[in-house]
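Engineer: Could you work out the structure for the sequence below:
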Amino acid sequence: EYAELEPVVAAVNAYEEAITEKADLEELIKDPEMKALASEELRAVNEKLPKLEEQVKLILVPKDVDDAKDAILEIRAGTGGDEAALFAADLFTMYKGYAAQMGWKMEVASMSESDIGGYKEIVAEVSGDNVFSKLKFESGVHRVQRVPKTETQGRVHTSAATVAVLPQAEDVDIHIDEKDLR
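Structural biologist: Model prediction:
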């Protein structure tokens, strides 16, 4: 909880310090000897204040309840035949590298390989800190245009793969009364 609140407190403290500094500088401007120096610093503080205010606004926006959850990552080859399967494999390799970089654990739940080494479909469970918050915007259709390994004449092919990122469902105990059964 402390780790979650620390950035909020830091942003609010920085904003409050800037407001206090602005008030102090406005008092210093009244002194003829300090007017030039204080007005220059006041200009800098006035430029900094809107940025700090925006930071506080953004950090106070409510977080998605699923952000802290682990995720299920599903990649499926789309249009493009064997090249799409190779592209799906490239996407999986990319996400696997990103997970390793973030210190997450990735475990393959199921996969269906194509004849030439790609994936028709691969599903993996990704676990770690704030996995879903980092991956949730990856969902959708990903498209690539390239000269594939399967092409012999050097033509550019367009292939697609779909990526679905779902928050890990929590175990739920279900109780059904006997009177509700037929």
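Engineer: got the buried residues for the helix or strand where Val163 lies?
Structural biologist: According to DSSP states H and E, Val163 maps onto strand 157-167. Residues of strand 157-167 classed as buried: 157, 159-163, 165-167 (neighbour count, 16 or more other Cβ atoms under 10 Å). C-beta here means a position set from N, CA and C on the backbone, and glycine is covered the same way.
Engineer: Closest to Lys69 out of those residues?
Structural biologist: Distance to Lys69, by Cβ to Cβ, is smallest for Pro167 among the buried residues of strand 157-167, at 4.3 Å.
Engineer: what's Ile122 sitting at in phi/psi?
Structural biologist: Phi and psi for Ile122, reported as degrees, to the nearest 10, are phi -150, psi 130.
Engineer: that older thread, just send the buried residues of strand 157-167 back as CSV, with distance to Val144 and pLDDT too.
Structural biologist: Formatted as CSV, those follow (distance: Cβ to Cβ, whole Å; pLDDT from 0 to 100):
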residue, distance to Val144, pLDDT
His157, 9, 86
Ser159, 5, 91
Ala160, 8, 95
Ala161, 8, 96
Thr162, 13, 97
Val163, 12, 97
Val165, 19, 96
Leu166, 23, 95
Pro167, 27, 94
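Engineer: And what about the most centrally placed residue in the chain, helix, strand or coil?
Structural biologist: In the chain, the residue lying closest to the centroid (Cα atoms, centre = their mean) is Lys134, at 2.5 Å. Of the three states, Lys134 takes helix under DSSP: H, G, I helix; E, B strand; the rest coil.
Engineer: Next up, the contacts around Pro67.
Structural biologist: For residue 67 the amino acid is Asp, not Pro. Contacts for Asp67 (Cβ atoms under 8 Å, 6 or more residues apart in numbering) come out as 130, 132-133, 136.
Engineer: Looking at those residues, which is nearest Leu58?
Structural biologist: Ser133 (14.1 Å).
Engineer: what about the nearest residue to that closest one once chain neighbours are set aside, which helix or strand?
Structural biologist: Among residues not flanking Ser133 along the chain, Asp67 sits closest, at 3.6 Å (Cβ to Cβ, 6 or more residues apart in numbering). Per DSSP H and E: Asp67 is located in neither a helix nor a strand.
Engineer: Please apply the same query to the one 5 residues further on.
Structural biologist: Ile72 is part of strand 71-77, with elements assigned from DSSP H and E.
Engineer: any chance you could map the helices in this structure?
Structural biologist: 2-28, 35-60, 82-102, 131-135 (DSSP state H).
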